[in-house]
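S.K.: Let's see this in three dimensions:
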Amino acid sequence: MVFMISSTVSKVILRIFKVYCDNSLGTYNRMTSLIFSLLAVIAVSHTAHAQLSKGVDSLKLVLSESQNDSLRISALIELSNYFKERQIDTSEYYLLEASRLIDTTLISEQVAQYYYTRSKLDFKKSLGDKAILNGLKALNLLEDSENQSLVGDVNIAISKAYFIKRDYDEAHKYGLIAQNIGIEIKDSFLLTGSLDIRANIMRMLKSWDESIDLFNQAAEINKAMGREGSAARNLANIATVYSITKKYEKSKPYFKEVIDIAERIDDPFLEAFSLGNLGMNYVELNQVDSAEMFLQRALEKYAKMNNQYRVLRTTSQLSRLYMGQNEFNRAIDVLEPAYQSAQGVTDLKLIDDLAFNLGDSYEGIRDYKNALKYHRIHMELQDSMLNNQVTQAVSEAEAKYETEKKEAEIERLNLEDDLNQVRLSRQRLALGGTTVGLGLLSFLLYRLFGQKRQIESQNEVISTALTEKETLLKEIHHRVKNNMQVISSLLRIQSNQTQDAGALEALKEGQSRVQSMSLIHQDLYQHDNLTGIYMPDYIEKLGQSLLQTYQLSPDQVHISTDIDELTLDVDTVVPLGLIINELVTNSLKYAFPDGRSGDIRVTLAEAADHLQLVVSDDGVGMSTEEISEGYGSGLIRAFAQKLDADIEIESIDGTTVSLSIRDYHQA
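M.R.: Numbering: from 1, shown residues only. You can find the predicted model right below:
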């Protein structure tokens, strides 16, 4: 059924409203609720654009003709709801106008509607704390309300607000309350909305089976009620969960069903979204022709919608498909125009992906000049993104510090006041005021108990902040590792263009040194210990990396390790790793000339007061003078001094270099 309201109907409604409002508060409340419901139908009914515009015009007519504040508030709230998904500034304007009248209404449900709308708008603007606060205000006003549908909607709004704050326990609590209300009053919209938010919470908690089950329940209800669009979104979420968990064969039929529904109901974005994701499933299944077909179809759909971000993102995915097939020229053909059009986009991550893919593609066709150009751009973008994250983290930390400092000052003043109360109570007890003193003592105990709860709450906030900082620190190590890998790639590209043997050797040495530090940051972001490196794994990976750099197989030169179970801090591992890198590099370069095979052994053990590092080989041997020459040996001496280490060199049946390290720290 299509609901419309004309200018004449608006006037009639206003006249009836005025007559009823003259009678009693009860009829006033009922009529306001009636008008509010009618206006809500106008604002949210699924009509064509022109019909919606007529509804908006009717709401505006109410504002211009009505002198009743309650009716004007209702119209303002519904106009804010209408524009929330279209023009957020206009939505904010109407809600601000409603706030100026809200104190004049006698209807608690109407005030609750205002705070509920405020909560939804805060959520839209990603203001989680404000959304929660306004949602709770609405819920408090609806405590005795018979409008359980509205109570359920508010619970969903609060659940969503907690969701964006990643407080999944609270989000799930309010989502479950909404679901129970939906079941009790048989409200299918409320039920599917609550199932959907709970399913998303389970997805974030990686409870994959439960998430799929909840999405399925929502989809079945939406199908039964004829809401194909909503059902399709539930199915798309199921497909996405299967994709995340790498169950691509299970994901495919769901995406195909969504595509069919989206075509039928004419939802081009949902269709393009599903086409692109289905294409990526085929990429993972190595079904290249199907992958290309679906990605191209998604690209065409996004282009028709003028959705530049999605066009660029899908182009990046398509280029990776071509690169995986060594079709680098095809990748460049789609990437170059995409990169140029991306310059007006604010998403640095997207531009970075395009630049990185271009760098790798040009390297694939041995166009090292352009490869170098785009890898440098990639490095600059990585630095920019890291700087933005660090700046934001510092600002947030400073804001939290200032807030906690103010709270601590307030707490100190409160404690001083409590002490004064204790002194006063003692004086009164001394004067015989025992009853008053006991009362004050009880009050003090109550305050102390409240402070204990506040401290526990603050500890929880601090714990959350520490978790966030650990996540940021991991991301920083990840970015540093990525930057070092890019530097290593640049050195490799440069070495491919270099004919001079001496320069080529210097570039290889530089590449190995960068890689030794890159492995440190890789270990830091991949493990829970953000300040320490587990040495057995690190040295093993460092040895394998050096073999790859010098293009030697384990059959030709074998690197064995015997490393104590040590976890050392970063300040120790950086110089230690570079020393090991130089010593093993020397063995690889000089110990086995003319293609002869051999063994290199690295041992690291903790003695009573020092670390003992030994790097030995069974090669041709080197004199002390030969080892002392060159930049690498200078690095070894410099870092040995930093670690307060003594060096001993032997050249019997190969070369053995031992370091006794006194200045080291375990993590």
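S.K.: Give me the phi and psi angles of A178.
M.R.: Dihedral pair for A178: phi -60, psi -40, per degrees, to the nearest 10.
S.K.: which parts of stretch 167-183 are buried?
M.R.: 168, 171-172, 174-179, 181-182 (16 or more other C-beta atoms under 10 Å). In this view, the C-beta of every residue, glycine as well, is placed from N, C-alpha and C.
S.K.: do you know how far the closest residue to A231 other than its chain neighbours is from N281?
M.R.: What sits nearest to A231 in space, not counting adjacent residues and going by C-beta to C-beta, 6 or more residues apart in numbering, is N222, at 3.8 Å. For N222, the distance to N281 (C-beta to C-beta, to the nearest Å) stands at 24 Å.
S.K.: Equivalent analysis for D153, please.
M.R.: 35 Å.
S.K.: taking the buried residues of stretch 167-183 one by one, which sit in helices?
M.R.: Judged by DSSP state H, the buried residues of stretch 167-183 include 168, 171-172, 174-179, 181-182 as members of helices.
S.K.: can you point me to the longest strand in this structure?
M.R.: strand 598-606 (DSSP state E).
S.K.: Now do the helix or strand just after that one: everything it contacts.
M.R.: Counting by DSSP states H and E, the next helix or strand C-terminal to strand 598-606 is strand 611-617. Outside of strand 611-617, the residues within contact range by C-beta atoms under 8 Å, 6 or more residues apart in numbering are 566, 576, 579-580, 583-584, 587, 591-592, 598-606, 645, 654-661, 664.
S.K.: Dump the ones in helices among the buried residues of stretch 167-183 to TSV, plus distance to G344 and pLDDT.
M.R.: Converted to TSV, these look like this (distance: C-beta to C-beta, whole Å; pLDDT from 0 to 100):
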residue	distance to G344	pLDDT
Y168	36	91
A171	36	93
H172	40	93
Y174	40	94
G175	39	93
L176	44	94
I177	45	94
A178	41	93
Q179	43	93
I181	46	93
G182	44	92
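S.K.: what's around the residue nearest to A231, how many residues?
M.R.: N222 is flanked by 24 other residues according to other C-beta atoms under 10 Å.
S.K.: any idea how far it is from L576?
M.R.: 60 Å.
S.K.: tell me which element E648 is part of?
M.R.: strand 645-650.
S.K.: Partner strands of that strand, with direction?
M.R.: Partner strands and pairing direction for strand 645-650 (DSSP bridges) are strand 655-661 (antiparallel).
S.K.: coming back round to it: quick check: angle from the strand holding E648 to strand 611-617?
M.R.: Strand 645-650 and strand 611-617 are oriented at 30 degrees to each other (axes from the mean of the first three to the mean of the last three C-alpha atoms, to 10 degrees).
S.K.: what packs against the helix or strand D209 falls within?
M.R.: In the assignment (DSSP H and E), D209 maps to helix 208-224. Contacts defined by 3 or more C-beta pairs under 8 Å, 6 or more residues apart in numbering; DSSP states H and E place helix 208-224 against helix 188-204, helix 228-244.
S.K.: could you redo the last one with a cut-off of 10 Å?
M.R.: helix 168-185, helix 188-204, helix 228-244, helix 248-265 (3 or more C-beta pairs under 10 Å, 6 or more residues apart in numbering; DSSP states H and E).
S.K.: Now do the buried residues in the third one.
M.R.: In this case it means helix 228-244. Buried residues in helix 228-244 (16+ other C-beta under 10 Å): 230-243.
S.K.: Pick out the most distant pair among these.
M.R.: Distance extremes for the buried residues of helix 228-244: the farthest pair is S230 and S243 at 20.5 Å, using C-beta to C-beta.
S.K.: what sits against N277?
M.R.: If a contact means C-beta atoms under 10 Å, 6 or more residues apart in numbering, then N277 has 236, 239-240, 243, 251-252, 254-255, 258-259, 294-295, 298, 317 as its contacts.
S.K.: could I get these as a markdown table with distance to G344 and pLDDT?
M.R.: Listed next are the contacts of N277 as a markdown table, based on distance: C-beta to C-beta, whole Å; pLDDT from 0 to 100:
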| residue | distance to G344 | pLDDT |
| --- | --- | --- |
| A236 | 29 | 94 |
| A239 | 32 | 94 |
| T240 | 29 | 93 |
| S243 | 30 | 92 |
| S251 | 34 | 94 |
| K252 | 35 | 93 |
| Y254 | 35 | 94 |
| F255 | 31 | 94 |
| V258 | 31 | 94 |
| I259 | 30 | 94 |
| F294 | 27 | 94 |
| L295 | 23 | 94 |
| A298 | 22 | 94 |
| Q317 | 20 | 90 |
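S.K.: Check those residues and tell me the two furthest apart.
M.R.: Y254 and Q317 (19.3 Å).
S.K.: quick one: which of those two has more around it?
M.R.: Using other C-beta under 10 Å, the more surrounded residue of Y254 and Q317 is Y254, with 26 against 20.
S.K.: Spatially nearest residue to the more buried one, not counting backbone neighbours?
M.R.: A239 (3.6 Å).
S.K.: Against L139, how distant is that neighbour?
M.R.: Counting by C-beta to C-beta, the separation of A239 from L139 is 34 Å.
S.K.: Over to E648?
M.R.: Taken as C-beta to C-beta, the span from E648 to L139 is 74 Å.
S.K.: Those two: which has the busier surroundings?
M.R.: L139 (22 against 10).
S.K.: which residues touch that one?
M.R.: By C-beta under 10 Å, 6+ apart, the neighbours of L139 are 112, 115-116, 119, 145, 150-151, 154-155, 157-158, 174, 177.
S.K.: Arrange those in a markdown table, one row each, with secondary structure as further columns.
M.R.: Below are the contacts of L139 laid out as a markdown table (DSSP: H, G, I helix; E, B strand; the rest coil):
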| residue | secondary structure |
| --- | --- |
| A112 | helix |
| Y115 | helix |
| Y116 | helix |
| S119 | helix |
| S145 | coil |
| L150 | helix |
| V151 | helix |
| V154 | helix |
| N155 | helix |
| A157 | helix |
| I158 | helix |
| Y174 | helix |
| I177 | helix |
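S.K.: Including distance to V345, could these go into TSV?
M.R.: As requested, those are exported to TSV (distance: C-beta to C-beta, whole Å):
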residue	distance to V345
A112	41
Y115	36
Y116	35
S119	31
S145	46
L150	40
V151	42
V154	37
N155	37
A157	31
I158	34
Y174	36
I177	41
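S.K.: And these, which is closest to D266?
M.R.: Nearest to D266 among the contacts of L139: A157, at 29.2 Å, using C-beta to C-beta.
S.K.: Touching stretch 551-565 from outside, list them.
M.R.: 508, 534-540, 542-544, 546-547, 550, 580, 584, 587-588, 591-592, 595-607, 611-615, 617, 619.
S.K.: if you set the cut-off to 8 Å instead, what comes out?
M.R.: 535-536, 539-540, 543-544, 546-547, 584, 588, 592, 595, 597-606.
S.K.: Burial check on S188, number of neighbours?
M.R.: Around S188 there are 14 residues (other C-beta under 10 Å).
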